[in-house]
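Enquirer: Sequence below, structure please.
(one chain, ligands or ions: 2)
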Amino acid sequence: DKIGCLFDLDGVLVDTAVYHYKAWKALANRLGFDFTEAQNEHLKGVNRMRSLEMILDWGGVSKNEEEQLELAAGKNEEYVEMISKMTAEEVLPGTLQLLEQLKAAGIKIALGSASKNSGLILERTNLAHYFDAIVDGNHVTASKPDPEVFLKGAAAIGLEPAHCIVFEDAQAGVQAAINGGMKVVGVGQQNNLQGANIVVKDLSEISVTQIIDLVNDKV
Ligand code: G6P
Ligand code: MG
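Expert: Numbers count the residues shown, from 1 in each chain. Ligands and ions are numbered 1, 2, ... in the order given. Coordinates of the predicted model:
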């Protein structure tokens, strides 16, 4: 049977998580508070407006809807300035090799990202051409851990969720994949990736054979 790979973007294929963190931290600091890297972990995979809500909550700051939209726009402006300078060097280890091998094996590849900036990032880093389908924050309304983004990704490549495997660096994303009935490869550290079928440090640690075995329940 055909299988498909659904990739998260930030923190899996490219190291944009550090730019999100910088921009959100600057916003919090402007409002007079700070948050930790451990707290930042909870923002990964979470969409822009929900991330802002969580940060304001941590700082005990309340803002009305209009102010929230303005704050989110300011953060995004700063973030876009940073990612506009990205290069192909910022593609994470093992990514190109794995994408090439998947293509050669006839395995479908889709993006499943919460980001509304995925187009710019994929262009800047030369990754766009690998994808059979791109589903990102511009196409979904529910934030991970809701499975919407991955279910739409699976549908876009014409596959059942059970025939798809998700690659995620965020706990919210791992949960989204599980909620959608998909297998999950966690990328990063085990303690931030509860429920993942396997955890790797980066994509250089996983092979096409392992991926096929995992989807076919041979692991
Ligand atoms: C990814 C990141 C999150 C980010 C979200 C929305 O999921 O892990 O940290 O908040 O995308 O990104 P955007 O580029 O639309 O603000
Ligand atoms: Mg991510």
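Enquirer: Going toward the C-terminus from the helix or strand hosting Glu77, what's the next helix or strand?
Expert: When elements are defined using DSSP states H and E, Glu77 is found to belong to helix 65-83. Toward the C-terminal end, the helix or strand that comes next after helix 65-83 (DSSP H and E) is helix 95-104.
Enquirer: In PDB, list the C-alpha atoms belonging to that following helix.
Expert: Coordinates of the C-alpha atoms in helix 95-104 are reproduced here as PDB (Å, rounded to 0.1, in the frame of the first residue of the first chain):
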ATOM      1  CA  THR A  95      16.400  16.600   6.000                       C
ATOM      2  CA  LEU A  96      17.600  16.700   2.300                       C
ATOM      3  CA  GLN A  97      18.800  13.100   2.400                       C
ATOM      4  CA  LEU A  98      15.500  11.800   3.800                       C
ATOM      5  CA  LEU A  99      13.300  13.900   1.400                       C
ATOM      6  CA  GLU A 100      15.400  12.600  -1.600                       C
ATOM      7  CA  GLN A 101      15.100   9.000  -0.400                       C
ATOM      8  CA  LEU A 102      11.300   9.300   0.100                       C
ATOM      9  CA  LYS A 103      10.900  10.700  -3.400                       C
ATOM     10  CA  ALA A 104      13.000   7.900  -4.900                       C
END
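Enquirer: Against which helices or strands is the helix holding Glu77 packed?
Expert: If you count contacts as 3 or more CB pairs under 8 Å, 6 or more residues apart in numbering; DSSP states H and E, helix 65-83 packs onto helix 17-30, helix 48-59, helix 118-124. For the C-beta atoms, the positions are set from N, CA and C on the backbone; glycine is no exception.
Enquirer: what's the average pLDDT for the shortest one?
Expert: When pLDDT is averaged over helix 118-124, the result is 98.
Enquirer: ok now the next helix or strand after it, how far from the chain's centre?
Expert: On the C-terminal side of helix 118-124, the closest following helix or strand by DSSP H and E is strand 133-135. When C-alpha coordinates are averaged (CA atoms, centre = their mean, to the nearest Å), strand 133-135 and its chain have centres 12 Å apart.
Enquirer: what residues does this protein put near ligand 1?
Expert: In this structure, the chain approaches ligand 1 at residues 10, 20, 43-48, 51, 76, 113-117, 137, 170, judged by CB under 6 Å from any ligand atom.
Enquirer: rerun at 5 Å
Expert: Contact residues (CB under 5 Å from any ligand atom) of the chain with ligand 1: 10, 20, 44-45, 48, 51, 114-117, 137.
Enquirer: which of the residues you listed count as buried?
Expert: Burial by neighbour count, judged by 16 or more other CB atoms under 10 Å, picks out 10, 20, 44-45, 48, 51, 114-115, 117, 137 from the residues of the chain next to ligand 1.
Enquirer: ok, those vs ligand 2, which is closest?
Expert: For ligand 2, the nearest member of those is Asp10. The distance, counting by CB to the ion, is 4.1 Å.
Enquirer: That closest one and Val46: what is the separation?
Expert: According to CB to CB, to the nearest Å, Asp10 and Val46 sit 11 Å apart.
Enquirer: before we move on, what about Ser207?
Expert: Note on Ser207: its distance to Val46, by CB to CB, is 30 Å.
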